[in-house]
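# sequence and computational prediction follow.
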Amino acid sequence: MASSPPSVSLPLEPSTTEMPTPSVQIPPLSFALVSTGVYRSGCPMPLNFPFLAKLHLKSIIYLADQDLPTDLQRFVAENNIQVFHFRVQQVRGDNIATDDNADEILTENGVDGAPIVNDDGNTTVSRRSSAISRRGSAAALLFEEEKERKEKKEKEKEKVENDPVSMRLALELLLDNRNFPVLIHSNKGKHRSGVLVACMRKLLQNWAFGSVKLEYYYFAGEKGKADVEFIEKFEPTLNYDERWAPSWLRYSPEEGKLIKVDKDG
């Protein structure tokens, strides 16, 4: 009986259909999810727009003294996004550098150089010690002049503090889920955005203040002493409509800082 010929697998012809190339989604600087419906970031750039389009934003809370960039204005117009612009400036005057080691530096330069006691009991100062002392005195003089110059420069700067009115109005926007999804953004998404998010954590979600500070410093770094002091002391009275309250709202009823109002729907 004749055996059947072996089967032969012919190579498949390459498909002429091109596979779609996945688009790259790039979030803005310092982007993060805060809570359901609330995001934070630095100022979005055009390369971030495809990513933002996926969020289907209804509104943006913009915290900066500059106008919204032209490209971003076009993006929000095309996507029917409402912008709430609070013209708040970067806080200044709270992080003046200090030199805690100044006394040690002056001592090492010989300002407090000790005298030398000779065998006959007389006290003298060696030429080396005298030279070090002179150098130390010159260094001390230069240090004082530089210190005065820096202090004068700092005094000339306009001190800018957080704006409690803007923070209160922004928090009331976050108490209305009809604004969600919402993006909170400032220039780099660190300090001004960080203050608003921290106030939200403290006042609207009842976070422990240690956790509030930890999150603030995660984005802002070591600077921000005045911001943290503002967050700790800020106790506004907020109006909100319970019908549109966000699902993540948690607060201490005994504080009585949230006032329920019936807003027009």
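It's in.
# for the stretch 151-265 of the chain, give me the ranges with low pLDDT.
The stretch 151-265 of the chain contains residues with pLDDT under 70 at 151-158, 252-256, 263-265.
# let me see the ranges of the strands in the protein.
Under the criterion DSSP state E, strands of the chain are mapped to 32-35, 38-41, 59-63, 82-86, 116-117, 123-124, 182-185, 238-240, 258-260.
# and those, which is most packed in?
strand 182-185 (a mean of 26; mean count of other C-beta atoms under 10 Å). Yep, even glycine has a C-beta here, placed from its N, CA and C like the rest.
# ok so, going back, any idea which of the strands of the chain gets closest to W207?
Nearest to W207 among the strands of the chain is strand 32-35; the distance by C-beta to C-beta comes to 11.0 Å.
# dump the strands of the chain into CSV; add distance to A53 as well.
Shown next, in CSV, are those (distance: least, C-beta to C-beta, whole Å):
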stretch, distance to A53
strand 32-35, 17
strand 38-41, 13
strand 59-63, 13
strand 82-86, 16
strand 116-117, 78
strand 123-124, 82
strand 182-185, 12
strand 238-240, 29
strand 258-260, 34
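# quick one: closest of those strands to R168.
strand 238-240 (6.7 Å).
# ok, how many other residues are close to L196?
Close neighbours of L196, defined as other C-beta atoms under 10 Å, add up to 25.
# which stretches in the stretch 101-250 of the chain count as helices?
102-108, 127-156, 164-174, 191-199, 209-220, 225-233 (DSSP state H, counting those that start in this stretch).
# got the contact list for F180?
36-38, 58-59, 246 (C-beta atoms under 8 Å, 6 or more residues apart in numbering).
# now swap in E232 and tell me
Per C-beta under 8 Å, 6+ apart, neighbours of E232: F209.
# can you list the domains in this protein?
32-92+160-260, 102-156 (automatic domain parsing).
# closest to N206 out of the strands of the chain?
Of those, nearest to N206 by C-beta to C-beta is strand 258-260, at 11.0 Å.
# for I81, which non-adjacent residue is spatially closest?
Nearest non-adjacent residue to I81, counting by C-beta to C-beta, 6 or more residues apart in numbering: L57, 5.1 Å away.
# how deep is the one you found tucked in, by neighbour count?
21.
# that one reaches N79, doesn't it?
Yes - if you go by C-beta atoms under 8 Å, L57 and N79 touch, sitting 7.0 Å apart.
# that older thread, nearest to I26, of the domains of the chain?
domain 32-92+160-260 (5.3 Å).
# can you put the helices of the stretch 101-250 of the chain in TSV and add distance to F49?
Shown next, in TSV, are those (distance: least, C-beta to C-beta, whole Å):
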stretch	distance to F49
helix 102-108	50
helix 127-156	40
helix 164-174	23
helix 191-199	19
helix 209-220	22
helix 225-233	29
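# okay, the ones you listed, which one's buried deepest?
helix 191-199 (a mean of 26).
# what is it packed up against?
In terms of contacts (3 or more C-beta pairs under 8 Å, 6 or more residues apart in numbering; DSSP states H and E), helix 191-199 is packed against strand 38-41, strand 59-63, helix 164-174, strand 182-185, helix 209-220, helix 225-233.
# name the nearest residue to S35, ignoring sequence neighbours.
Among residues not flanking S35 along the chain, W248 sits closest, at 4.3 Å (C-beta to C-beta, 6+ apart).
# if we can go back for a sec, closest one to S23 among the domains of the chain?
Proximity to S23 (C-beta to C-beta) singles out domain 32-92+160-260 among the domains of the chain, at 6.1 Å.
# any idea how far apart the tips of the closest one sit?
In domain 32-92+160-260, first residue to last residue: 29 Å (C-alpha to C-alpha, to the nearest Å).
# repeat that for stretch 37-44.
OK, stretch 37-44 end separation, C-alpha to C-alpha: 18 Å.
# my guess is V182 meets L57, correct?
Yes - counting by C-beta under 8 Å, V182 does reach L57; the two are 6.8 Å apart.
# contacting residues for Q82?
Q82 neighbours (C-beta under 8 Å, 6+ apart): 58-60, 76, 179.
# kindly recompute the last result at 7 Å.
Listed by C-beta atoms under 7 Å, 6 or more residues apart in numbering, the contact set of Q82 reads 58-59.
# please consider this matter closed, and thank you.
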